[in-house]
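In: Predicted model and sequence follow; I will ask about them next.
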Amino acid sequence: MKSRCILFILLLFCINIFSQQKITGKIIDENGIGLSSVLIKNIKTNQNSYSDSFGNFTIDANENDEVRFVKDSYYRTDRKVTKDNLSNLMNVLLIRAETLIQEVKIEKKMTGNLALDSKRFGDAKDLVKVKAGLGDYMRSPLNEPLPTNEVSKTFKGHDFSAGQVDLFGVFKVAKGLVKKATEPKITKPTYNETQNFINEVKQKINLNFLTSYGLNEEQIDHFLIYANDTRQLAKKYRKTFNIVEIESELKTAFALYNRTHKV
């Protein structure tokens, strides 16, 4: 009987250790506004999740697990799960990172001073000379005979097709309207649809061009969130998953991402 009690206690202890619990919370910025599409990563279990459009999130985690929060243009922050987080909401504040302002090119404007503005914005010397010569010619007396009433070789007769209905054009427009009507309507994706789309991208799209730059799994997740936010990928392709177009969109997004982030 005593041995059975010991086994039962050990079983409860193992269940308590290995059972995965969920923590919920909300991510906000300095103004208290909920942040969407934040990557939430459990460092210990390598599990990922994303915040919804109001900043709410849920992820599997146990006490003492380390959870990381990542969003483009914000400083990354790590939080250690406490016993209190398992029963209460975890509130997370992300601070916006400083961004460098691009160099502004100052262009000269008109001042109202005729002498000064003519030097800055006047015509080139060659053009001024041509205009002066043309003015002299137009003011000179007529020394050549007037042209005869012969029909110019460049004269074109009436275009009898003008005003006629272009049947080919009408058919082309009608075909475009039918195609547009049959295509699936583009709507804003839900939180779950966005997560499912990003996971499908990781499974079906060749992301070797990211790993060739040395990006690890966490950095790739960070970039995919950035690409989805800037190119509206889930909105456009979650219903019609076009691998060629999505891969092209990702490479276009990465070209800009590579300039603004340390890769």
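Out: Thanks, I have it. Residues are numbered from 1 along each chain as shown.
In: I'd like to know which elements whichever strand or helix holds residue 197 is packed against.
Out: Taking DSSP states H and E as the criterion, residue 197 maps to helix 191-204. Secondary-structure packing of helix 191-204 (3 or more C-beta pairs under 8 Å, 6 or more residues apart in numbering; DSSP states H and E): strand 47-50, helix 217-231, helix 233-237, helix 243-260. C-betas here are computed from N, CA, C, even on glycine.
In: Now the ones you listed in TSV, please, with extra columns for mean neighbour count.
Out: Listed next are these as TSV, based on neighbours: other C-beta atoms under 10 Å:
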stretch	mean neighbour count
strand 47-50	18
helix 217-231	19
helix 233-237	19
helix 243-260	14
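In: Show the average pLDDT along the helix holding residue 197.
Out: Average pLDDT, helix 191-204: 91.
In: Quick check: what element follows that helix along the chain?
Out: Assignment by DSSP H and E places the next element after helix 191-204 at helix 208-211.
In: Which elements pack onto that next one?
Out: helix 217-231, helix 243-260.
In: picking up where we left off before, what sits up against the helix holding residue 197?
Out: Identification of contacts with helix 191-204 by C-beta atoms under 8 Å, 6 or more residues apart in numbering yields 37, 49-50, 52-53, 189, 220-221, 224-225, 228, 233-234, 237-238, 241, 243, 246, 250.
In: what's the answer for stretch 218-238, then?
Out: In this structure, residues lying in contact with stretch 218-238 by C-beta under 8 Å, 6+ apart are 37-39, 41, 48, 50, 68, 70-72, 186-189, 193-194, 196-198, 201-202, 207, 210-211, 215, 245-246, 249-250, 252-254, 256-257, 263.
In: Would you mind putting the CA coordinates of that stretch into CSV?
Out: Presented in CSV, the C-alpha positions along stretch 218-238 are these (Å, rounded to 0.1, in the frame of the first residue of the first chain):
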residue,chain,number,x,y,z
GLU,A,218,14.2,33.5,-35.3
GLN,A,219,15.5,36.1,-37.8
ILE,A,220,13.6,34.4,-40.6
ASP,A,221,10.4,34.6,-38.5
HIS,A,222,11.1,38.2,-37.8
PHE,A,223,11.5,38.9,-41.5
LEU,A,224,8.3,37.0,-42.5
ILE,A,225,6.3,39.2,-40.1
TYR,A,226,7.9,42.3,-41.7
ALA,A,227,7.2,41.1,-45.2
ASN,A,228,3.6,40.2,-44.4
ASP,A,229,3.0,43.7,-42.8
THR,A,230,4.6,45.6,-45.7
ARG,A,231,3.4,43.6,-48.6
GLN,A,232,0.0,42.4,-47.3
LEU,A,233,0.9,38.8,-48.2
ALA,A,234,-1.7,37.0,-46.1
LYS,A,235,-4.4,39.3,-47.4
LYS,A,236,-3.6,38.7,-51.0
TYR,A,237,-2.4,35.1,-51.1
ARG,A,238,-3.9,33.1,-48.2
